[in-house]
Every structure is written in C-alpha cells, then in structure tokens.
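In: My questions concern the predicted model and sequence given below.
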Amino acid sequence: MFSIKQMISLGLMLLMLSTMVVFTTGVASAHTTSPSLAAVSCLDTSCDGKSPISTGCAGDGQDMHVVTSSDLGGGLRADVALRYSATCGAAWAKVTFNASMPSGHYGDAGIKSSRGKYYDCSSAGGNGWVSPGQTSCYTPMVGDYHSSESAYAAGFYSTNGTWKQVATTVSY
C-alpha cells in the first residue's frame, strides 16, 4: 500500500505534468494561429531604419499596394510593392523586376514616411541595389502604426548612370 507521503508526492507530480501539458499545448496552438509579438524586435517608430527580415517583421508582411512600371526597354518591367507588417506597425518597399538586371543597369526601391523618413535598398537595413544578374531588393522599414502616419514606395531604374523613378504606389 502507498503511504500518505507517497500519495502526496505522486499527486504533486501528476499536477505538475498536467500543468506542463496544458501550457505547452496552449503555446503551440497560439503560434500556429497568429504571429507572436515575442518573435519581432521592434514596433512602429522603433522599426525606423531596421531590416524587415532580421526583426521578424517580414513574417506577416503583406503587399498593401503594388504598381507596375511601363516597359523599361526590351520588355523589362518593375513591380513596386508597399509592404506592411501589422505585428510591427511598419512598412517597407520592395522592387521586383520581371527579368535579371542586364549588365550596366541597376534597380532600387525607396520608402518615404509622412514623418519625413526616407530609405532605399542601399540604406543600412536594406539588402542593396538590384545589380546585374539580380531581380529584386527591399528597403529598411519606417514606422507606420498610427492612423495619422502613412508611407509610400517608389521604384527606380538606372541605365548609363542616370536614375529614373519608374513607379510609385499610393500611400498607406
């Protein structure tokens, strides 16, 4: 037979085990249904100038507006996206060309906030201009959490050392 001491010990172990099962199951199901704030490292203006990738903000990033440039020559076009993370309350720009950048040509994206913050792909937190052989780049983020704040994205194309703005989204 079990002594009172053994029954209490057994009961405590079962209680601890059942508590662990409840908490780990709850945490696992929460992660599969919505993004976790613990997974990101910035919010709103604390995201200014930071990478959407390294901060975790790209995880729930969505294209809010996308515009396509006219023909840049030889059928080359650029899609400019204004991307937004609801978890981070921040926006960034991404440009994607429909073909690899030809030799001597470059692409870029820019993001500008209503607070005057501006970044392009070559800014710290971006991944650099679209160089020959590449197709896309992204900018660092700007805080865009409050309804009074907005941002827009623009795409740029360089040929023979001359940069042209080729597409601009509306603000979000």
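Out: Looks like it came in fine. Bear in mind that the values here come from a model prediction, so they are computed numbers and not experimental data.
In: any idea of the pLDDT on Thr32?
Out: pLDDT, Thr32: 34.
In: Please read the previous query as pertaining to Lys164.
Out: Reading off the confidence values, Lys164 has pLDDT 97.
In: From Cys57, how far out is the nearest residue to it once chain neighbours are set aside?
Out: In space, Lys164 comes closest to Tyr157 once its chain neighbours are excluded; the distance is 5.6 Å by Cβ to Cβ, 6 or more residues apart in numbering. Heads up, the C-betas are built off the backbone N, CA and C, glycines and all. In this view, Tyr157 and Cys57 are 27 Å apart by Cβ to Cβ, to the nearest Å.
In: between the two, which one's more packed in?
Out: When Tyr157 and Cys57 are compared for neighbours, Cys57 comes out ahead with 29 against 24, by other Cβ atoms under 10 Å.
In: what are the phi and psi angles of the more buried one?
Out: When read as degrees, to the nearest 10, the backbone of Cys57 gives phi -70, psi -30.
In: got a list of what it touches?
Out: Contact analysis of Cys57 by Cβ atoms under 8 Å, 6 or more residues apart in numbering lists 40, 42, 47, 50, 85, 87-88, 90, 92, 141.
In: Equivalent analysis for Lys164, please.
Out: Residues near Lys164 by Cβ under 8 Å, 6+ apart: 156-158.
In: can you list the domains in the chain?
Out: For the chain, automatic domain parsing gives the domain ranges 4-33, 42-168.
In: quick revisit: return the list of helices and strands in contact with the helix or strand hosting the residue nearest to Lys164.
Out: Element membership for Tyr157, per DSSP states H and E: strand 151-159. Packing partners of strand 151-159 (3 or more Cβ pairs under 8 Å, 6 or more residues apart in numbering; DSSP states H and E): strand 78-85, strand 90-97, strand 105-113, strand 162-168.
In: of those strands, which approaches Ser131 most closely?
Out: Nearest to Ser131, of all the helices and strands packed on strand 151-159, is strand 105-113, at 6.2 Å by Cβ to Cβ.
In: Just name the most buried of the helices and strands packed on strand 151-159.
Out: For the helices and strands packed on strand 151-159, the largest average neighbour count (mean count of other Cβ atoms under 10 Å) is found in strand 90-97, namely a mean of 27.
In: what residues are up against the residue nearest in space to the middle of the chain?
Out: Centroid check for the chain by Cα atoms, centre = their mean gives Ala58 as the closest residue, at 2.7 Å. By Cβ under 8 Å, 6+ apart, the residues touching Ala58 are 52, 83, 85.
In: Ser131 too?
Out: Ser131 makes contact with 101, 106, according to Cβ under 8 Å, 6+ apart.
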